[in-house]
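>>> Need coordinates for the following:
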Amino acid sequence: MLSLALYVCPQTVCSSLSMIGDAFGLANRLAGQALFRIQRFSLDGQPVELDFARIRVDGGLALADQADLVLLPATGTAIELTLAANAPLLPWLARRAALRPLASLCSSAFLLGAAGVLDGRRATTHWALAQGFRRRFPAVRLTIDELLTHDGNLLCSGGAQAGLDLCLYLVGLHAGDGLAQRVAAALVIDSQRGQQSRFAPLLPEPGGGDGLIDPLLDWLQAHYAEPMDLTRLAEQAHCSPRTLLRRFRSSTGLTPNDYLQRLRISAAQTALRHPGRTLEQIAGQVGYSDRAAFAKLFKQLCGETPGAYRRRVRHSN
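Numbers count the residues shown, from 1 in each chain. Alright, predicted model coming up:
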């Protein structure tokens, strides 16, 4: 039997905590035997008050010391608050990592990073937290595209439901792929879901507040499929190409060409949701005369081919 200790703190995301319990509890029921023992622990061994629930625990750090695997459920996006409130946990995590496995779900990768145990290791977290994670932990090999990572005795999952991918991976690792597939089927989830990058938006949030760039972005929404270069964009914005490059990157975080390609591929995603058009027609519709170049860029940005994207979204409708 594999003993699992789930960390609970006031910042714990309740759905993440219950997700772990549901996945391994279901694995036990489907296997017809107790393959996984699940316990909860807190820093002081006392119950933990969440926003809308009081979570009972089975003990404190002494209990977790004995577990085969410690899992840190997601702790939300208030990263500074979470790190400050859980500072006493960090030295324990550093000691634990030298002895037995640790796993984080979603934003709790920040706890492992702050404990210093991820330096030089592969890790992932929610795609929306990538920039802050890289800035805070430059020594970590963040592979944000991945739904989960396993480097030595450290495991991390990406955002939200990617925690289920990590649970399924652990079920397969310790009880066989057959059971993991049965658990996935019972939870109505694909056991091989590709990369996390498929779920990240291609474009930054609109409305950067730049009076020069915002009107240009609106104009691009109507003209993105037309032949476009920096000179034409600068003329439309009534500024020099050099000024456009500087202001555009400051407002969007992208170069004008990067933004244009992402805008075109985003339009292609919308078109692929509807039947009746071939990939060649969609490529031409969004501004690409070369279907192969379109397909290559689509896979680079979306983590899957246009055909695979079309099949997946049709299946989900």
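>>> What segments of the stretch 51-200 of the chain are strands?
Ranges of strands within the stretch 51-200 of the chain are 54-55, 69-72, 102-105, 122-123, 141-142, 148-151, 154-157, based on DSSP state E, counting those that start in this stretch.
>>> Give me whichever of those strands is most buried.
Mean neighbour count (mean count of other C-beta atoms under 10 Å) peaks for strand 102-105 among these, with a mean of 29. Bear in mind the C-beta positions are built from the backbone N, C-alpha and C, glycine included.
>>> contact partners of that one?
Strand 102-105 has contacts (C-beta atoms under 8 Å, 6 or more residues apart in numbering) with 16, 19-20, 69-74, 93, 96, 111-112, 117, 125, 153-157, 162-163, 166, 170.
>>> partner strands of it, parallel or antiparallel?
strand 69-72 (parallel), strand 154-157 (parallel) (DSSP bridges).
>>> Relative to residue 131, which of those strands is closest?
strand 154-157 (16.8 Å; C-beta to C-beta).
>>> Now the closest one: average pLDDT?
For strand 154-157, mean pLDDT rounds to 96.
>>> want to try a markdown table for the strands paired with strand 102-105, with distance to residue 179 as columns?
Formatted as a markdown table, these follow (distance: least, C-beta to C-beta, whole Å):
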| stretch | distance to residue 179 |
| --- | --- |
| strand 69-72 | 17 |
| strand 154-157 | 18 |
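>>> about what we covered before: just send the strands of the stretch 51-200 of the chain back as TSV, with distance to residue 227 too.
Shown next, in TSV, are those (distance: least, C-beta to C-beta, whole Å):
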stretch	distance to residue 227
strand 54-55	59
strand 69-72	50
strand 102-105	46
strand 122-123	41
strand 141-142	37
strand 148-151	41
strand 154-157	43
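>>> So which of the ones you listed is nearest residue 209?
It's strand 141-142; of the strands of the stretch 51-200 of the chain, that one is closest to residue 209 (C-beta to C-beta) at 28.7 Å.
>>> helices or strands up against the closest one?
If contacts are counted by 3 or more C-beta pairs under 8 Å, 6 or more residues apart in numbering; DSSP states H and E, strand 141-142 sits against strand 122-123, helix 130-136.
>>> what residues does the last one touch?
With C-beta under 8 Å, 6+ apart as the contact definition, helix 130-136 has outside contacts at 79, 109-110, 113-114, 125, 140, 142, 144.
>>> swap the cut-off to 6 Å and go again
125, 142, 144 (C-beta atoms under 6 Å, 6 or more residues apart in numbering).
>>> gap between it and the chain center?
Relative to its chain's centre, helix 130-136 lies at 13 Å (C-alpha atoms, centre = their mean, to the nearest Å).
>>> Also stretch 127-136?
Distance, centroid of stretch 127-136 to centroid of chain: 11 Å (C-alpha atoms, centre = their mean).
>>> Give me the mean pLDDT for it.
94.
>>> try stretch 169-176
95.
>>> List the buried residues in it.
Residues 169-172, 174-175 are the ones in stretch 169-176 that count as buried (16 or more other C-beta atoms under 10 Å).
>>> hang on, the earlier thing: for residue 238, find the nearest of the strands paired with strand 102-105.
strand 154-157 (46.9 Å).
>>> quick one: contacts of whichever strand or helix holds residue 282?
Element membership for residue 282 (DSSP states H and E) is helix 279-285. The contact list for helix 279-285 (C-beta under 6 Å, 6+ apart) reads 268, 271, 291, 294, 306.
>>> about what we covered before: tabulate the contacts of helix 130-136 in JSON lines, adding columns for distance to residue 50.
What follows is the contacts of helix 130-136, written out as JSON lines (distance: C-beta to C-beta, whole Å):
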{"residue": "125", "distance to residue 50": "21"}
{"residue": "142", "distance to residue 50": "28"}
{"residue": "144", "distance to residue 50": "28"}
